[in-house]
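Undergrad: using only what follows, build the 3D model:
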Amino acid sequence: MRNTPAQEPSVQEQSFQDRDDSVLKTLGHLGMHALDDVYGAFSTVGDRPIHDPRRFEWTSVLENNWTVMREELDEILEYREALPSFHDIAEDASTISQDDDWKTFFLYGYGVKAEENCGRCPRTTELIEQVPGMTTAFFSILSPGKHIPPHRGPYKGVLRYHLGLKVPAPAEKCRIRVADEVAHWEEGESMVFDDTYNHEVWNETNEERAILFLDVKRPMRQPMAAVNDLLLGLLRYTPVVQNARENQRQWSKRLEQAEMTTQPA
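TA: Down below sits the predicted model:
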C-alpha cells in the first residue's frame, strides 16, 4: 500500500440516505451509525480512515502467502464471465455499481461459509480462516476503467482489509480514496481501512485489478466487543444477508455449469 494526500475533486457523498430504501431499512442503518462514535472510542487500534497493517499480526501471514492465493485466483479467472457482479450478490450495492465491471468470488459472507467456492480455493480458505474475527471474504475484481463512486459502509464494528493479488501498472492509476487519504494497491501488500469513512475507487488502467477482500471484527475493549459480537451474529439473519446467501448459491451453480461445459470430452 502507498499513501498520498488526497487530490481528487470533491464529490458529494453517497450514503443510505440517498437511496430509495424502506423506512425499516433506513432506520436500521441509522441505528448502526449511531454506534460509530462509541465504537471509535472503544477501539483498541484507534479511529482513523486508514490503519497501519503492521498493527495486525495476521496480515504478515497473508502477505507471505499471496502467490498461493494468486494461483487460485488465476484458476477462478478462467471463468470470469460466469462470475457474479457485486450487486448480483449484495443487492444494496446496486446504488454504487450496476454494470458487470466489478466481479466477485465469495468465500465467506457475515460468517457464513460458501462451501462450494471454498472447495475451489482450499489454500486461500485455510489462510483466511486463520484471521481472527474474519466475517466476510471474497476476491474483488475490477475491470479496466471501472470507477466506484463515493460511498460509505453502514457498520463500524468491522475493519476492511485488502491484499493486492493482481495490480496493473502504473499502480498510482489503480487507487482508493478514504476520507482525505489516497492509497494504491501493490501486489503482496496489505491495506486496512475503515469503510464508514467516505471512500471511492478507481482503476484507470487497461488491465483488471484483483484483491483479496476481508471484513474483520474491529478490536475493541469490553463491553463493546461483546455488543459487536452480538450484532454481527444477528446480522446474518437479516433479509439482506439471507438474500445474498441465496444469490451466492445460485451463482455457484452457474459457475459449476460453466466449468462442466469447458472440460475436455
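
Undergrad: so T135 is in which element?
TA: Using DSSP states H and E, T135 sits in strand 134-142.

Undergrad: tell me the mean pLDDT for the following helix or strand past that strand?
TA: The helix or strand immediately downstream of strand 134-142 is strand 147-151, counting by DSSP H and E. Averaging pLDDT along strand 147-151 gives 93.

Undergrad: report all helices and strands that strand 147-151 contacts.
TA: strand 199-203 (3 or more C-beta pairs under 8 Å, 6 or more residues apart in numbering; DSSP states H and E). Where you see a C-beta, it was placed from the backbone N, CA and C, and this is true even at glycine.

Undergrad: past the strand it packs on, which element shows up next along the chain?
TA: Once strand 199-203 ends, the next helix or strand along the chain (criterion: DSSP H and E) is strand 209-217.

Undergrad: what's in contact with the helix or strand that contains Q248?
TA: Using DSSP H and E, Q248 sits in helix 239-262. By C-beta atoms under 8 Å, 6 or more residues apart in numbering, the residues outside helix 239-262 that reach it are 25, 78-79, 81-84, 88-92, 106, 109-110, 112, 114, 116-117, 235.

Undergrad: got the CA coordinates for the strand holding T135 in PDB?
TA: Listed next in PDB are the C-alpha coordinates belonging to strand 134-142 (Å, rounded to 0.1, in the frame of the first residue of the first chain):
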ATOM      1  CA  MET A 134     -12.900 -12.600   9.900                       C
ATOM      2  CA  THR A 135     -16.500 -12.300   8.900                       C
ATOM      3  CA  THR A 136     -16.500 -11.800   5.100                       C
ATOM      4  CA  ALA A 137     -14.000 -12.800   2.400                       C
ATOM      5  CA  PHE A 138     -14.000 -12.700  -1.300                       C
ATOM      6  CA  PHE A 139     -12.000 -11.900  -4.400                       C
ATOM      7  CA  SER A 140     -12.800  -8.500  -5.700                       C
ATOM      8  CA  ILE A 141     -12.100  -7.900  -9.400                       C
ATOM      9  CA  LEU A 142     -12.300  -4.500 -11.200                       C
END
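
Undergrad: kind regards, and thank you for your time.
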